[in-house]
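Asker: I need the structure of the sequence given here:
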Amino acid sequence: QRRVHGRQPRRFELGDATHKAHARAAQRKEVVTAFRETLLEWMKQIEVVLQDTGRADTGDELGPAAELHHWKVRMTQLASLTDQLRTRQCKSVLSVLQLAKDSFLLEWKAMEARIVDATNEAKDNVKYLATLERCSEPLYKCDPVQMVGSIPGLINAIKMMHSIARYYNTSEKMTALFVKITNQMIHCCRNYVEADGPLWDQDHARAMAKLRACLALNAAYTSCYRRTKEELEANLFGKQFDFSEAAIFGHFDLFCARITKLIDVLEVIQQFGALSRSGVENIEPICQRFEQIVVNFRRKSTDDYLDARRPTFDVVYLEFKQLIAELSTELVAFINNCFLTVTNTTKALALLAQFRAVLSSDHIAQLLDEKHTAIFHNYGRDLEIIKAAYEKFKEKPALPRNMPPVAGAVAWGRQLLRQIEHPMAMFLETPAILQTKDAKRIVRTYNKVAKALVTFEARWYEKWCEHIAVAKAGLAATLLVLDRTTSRLYVNFDPAILQLFREVRCLQRMGFAIPPDCSTVCNQSAQLKRHHEALGFLVTEYYAIIDEIDPMYSALI
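Answerer: Presented below is the predicted three-dimensional model:
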């Protein structure tokens, strides 16, 4: 606390406070001169106190609590000054000068009025800032996510203080208060971001979520302020929020610009990291170069990257973006080369999905969209090739190995259908691709070919169902038949029965419904095969024995 003191007058005891003593002192020129000099010294010291700017330091680390502390200190300081001026010594000096009708008393009266006004101002400001203290607690105790909900109450409390406070409703003081709130929010955001260690060592997804929470806090703060400002503007006779938004939000906006750059860096790191894990062949050289870029970037950005007012990071960031742009050019060439070597539509779509899953930058996304359109057009040509193959071989399709005729034909048709169905399902996941110029023609071709293949399958199945009765008729044939050429017996087992069993087994695996009467016969397939093998063995053994008999006795048999 500053104490008021000065040179004491000669040969006069200030403790002698009687009126006569004051009157005698007022008659002595040297005493009046000494008291005047003392009063002038006091006024200089008091002027230093009164010349206080009226607001606390607006340093970046000071929040609204510093404003309340400042005014509490000032109130205590002015109260102490007032108490000193009420002492007997001070009153004696003033009484002597008053009796001497000194001209400096007019200036002293004006200063006394200023002291009273400054004291009232400090008391009034402490009263209103103390009511604001509870609303500003979340700025110190909450993280940016939790802080968003407390902003409307804080802005509303400031609005009320601005409208009814006697001294604190000036634009200068209110702007300074908002700046302190902004500074505390930024301080909270910085602590929140680095709570788990340096940003680069944290999980990238978690770190970006923290950074986006800081952006959301700034957006909520700015939005609430401007909404309150608009509400006040509706009442033309009320106090307005006519404060400098550049001063209030400028630092936070600058901080958020830095946050946006950090998010961009983390997204690039995350994207290329996912690319290295994507399993894309021959991508390793690009990923290795990217890792070296990141190492150099981290080495150069050891400066305080969260201090938006230090430009070192901006220089390193621009260099990083330039290197990433060059690497992206290589990546584009790599992607183009990958699609040149893939001719199968399904494989091309799978490769496209691999790239889309890990690459999200705008120019890469545009390139992948172009590739998607090119694949769709190639798919249209594939449809024409499959359509021509179907028309050529539909009467006599190429059968897969070890497949009976009907099931083989169905498998051939289904293979063609799979070749067109799976890519179309993947294209349908991107509706925009169906809005291209040739989309309608390609879709019409697909519908026509798909319908033809489904009809092809149904026709073969119906034809097989009609043939079941013919195959079953073989079961009613004579078991043993004499071969007129060799004059020997053989087992008369119709091969159509065995083919029927194979068809049923294959068609069941394909999901077809088997007619009940056919199922009854096929359920006995194992027994019928055993009987066929037993009869065959019996006939073979019979003729083996006959062949061993001497020809001279064979006529007797």
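Asker: quick one: buried residues of the longest helix anywhere in the chain?
Answerer: The longest helix of the chain (DSSP state H) is helix 439-473. Across helix 439-473, burial judged by 16 or more other Cβ atoms under 10 Å covers 439, 442-443, 445-446, 449-450, 452-453, 456-457, 460-461, 464, 467-468, 471-472. Every C-beta, even on glycine, is put in place using the N, C-alpha and C of the backbone.
Asker: per-residue pLDDT, residue 61?
Answerer: Listed pLDDT for residue 61 reads 52.
Asker: tell me which strands and helices the longest helix of the chain is in contact with?
Answerer: Other helices and strands packing on helix 439-473, by 3 or more Cβ pairs under 8 Å, 6 or more residues apart in numbering; DSSP states H and E, are helix 362-393, helix 405-428, helix 495-509, helix 516-523.
Asker: avg pLDDT for the shortest one?
Answerer: Averaged over helix 516-523, pLDDT sits at 65.
Asker: about what we covered before: next, the angle from the longest helix of the chain to helix 405-428.
Answerer: In terms of direction (axes from the mean of the first three to the mean of the last three Cα atoms, to 10 degrees), helix 439-473 departs from helix 405-428 by 160 degrees.
Asker: and residue 402, backbone torsions?
Answerer: The phi/psi pair for residue 402 (degrees, to the nearest 10) reads phi 60, psi 30.
Asker: Check the offset of the longest helix of the chain from the chain's centre.
Answerer: Centre-to-centre, helix 439-473 and its host chain are 49 Å apart (Cα atoms, centre = their mean, to the nearest Å).
Asker: what's the angle from that helix to helix 362-393?
Answerer: Using the same axes, to 10 degrees: helix 439-473 against helix 362-393 is 40 degrees.
Asker: from now on call the first residue 651
Answerer: I'll keep to 651 as the first residue from here, and by that count the last item is helix 1089-1123.
Asker: Now do the helix or strand hosting residue 974: which elements does it pack against?
Answerer: Assigned by DSSP states H and E, residue 974 falls within helix 962-990. If contacts are counted by 3+ Cβ pairs under 8 Å, 6+ apart, helix 962-990 sits against helix 895-926, helix 934-950, helix 995-1008, helix 1012-1043.
Asker: how close does the most centrally placed residue in the chain get to residue 846?
Answerer: Central residue of the chain (Cα atoms, centre = their mean): residue 859, 6.2 Å from the mean position. Using Cβ to Cβ, to the nearest Å, residue 859 is found at 12 Å from residue 846.
Asker: coming back round to it: among the helices and strands packed on helix 962-990, show the one with the smallest mean pLDDT.
Answerer: Lowest mean pLDDT of those: helix 995-1008, a mean of 86.
Asker: just checking, what packs against that helix?
Answerer: Applying 3+ Cβ pairs under 8 Å, 6+ apart, one finds that helix 995-1008 makes contact with helix 895-926, helix 962-990, helix 1012-1043, helix 1055-1078.
Asker: Rounded mean pLDDT for the second one, please.
Answerer: By that I understand helix 962-990. On average, helix 962-990 scores 90.
Asker: what comes up buried for that helix?
Answerer: So, applying 16+ other Cβ under 10 Å, buried residues of helix 962-990: 963, 966, 967, 970, 973, 974, 977, 978, 981, 985, 988, 989.
Asker: The helices and strands packed on helix 1089-1123: which one's closest to residue 871?
Answerer: helix 1012-1043 (29.1 Å; Cβ to Cβ).
Asker: Now do that closest one and helix 895-926, the angle between them.
Answerer: Orientation note: helix 1012-1043 sits at an angle of 40 degrees relative to helix 895-926 (the same axes, to 10 degrees).
Asker: how far off helix 962-990 does helix 1012-1043 point, in degrees?
Answerer: Taking the same axes, to 10 degrees, one finds that helix 1012-1043 is oriented at 10 degrees with respect to helix 962-990.
Asker: Where does pLDDT dip in this structure?
Answerer: 651-668, 702-711, 953, 1118-1133, 1139-1149, 1167-1178, 1181-1182, 1202-1207 (pLDDT under 70).
Asker: from the buried residues of helix 962-990, which is closest to residue 730?
Answerer: residue 963 (47.0 Å).
Asker: Setting aside sequence-adjacent positions, which residue approaches the closest one most closely?
Answerer: Once flanking residues are discounted, residue 963 sits nearest to residue 955: 4.7 Å by Cβ to Cβ, 6 or more residues apart in numbering.
Asker: just checking, the one you found touches residue 912?
Answerer: Yes. Using Cβ atoms under 8 Å, residue 955 makes contact with residue 912 at a distance of 6.7 Å.
Asker: okay, and the common contacts of those two?
Answerer: residue 849 (Cβ atoms under 8 Å, 6 or more residues apart in numbering).
Asker: can you pull the contacts of residue 850?
Answerer: Contacts of residue 850 by Cβ under 8 Å, 6+ apart are residue 948.
Asker: Next one: it from residue 1180, what distance?
Answerer: 75 Å.
Asker: Quick check: the gap between the closest residue to residue 1030 other than its chain neighbours and residue 1018.
Answerer: Among residues not flanking residue 1030 along the chain, residue 1092 sits closest, at 4.1 Å (Cβ to Cβ, 6+ apart). The gap separating residue 1092 from residue 1018 is 20 Å, by Cβ to Cβ.
Asker: try residue 824
Answerer: Separation of residue 824 from residue 1018 (Cβ to Cβ): 52 Å.
Asker: Between those two, which is the more surrounded one?
Answerer: Set residue 824 next to residue 1018 and count neighbours by other Cβ atoms under 10 Å: residue 824 wins out with 21 against 18.
Asker: any idea which element the more buried one lies in?
Answerer: Residue 824 belongs to helix 821-843 when elements are defined using DSSP H and E.
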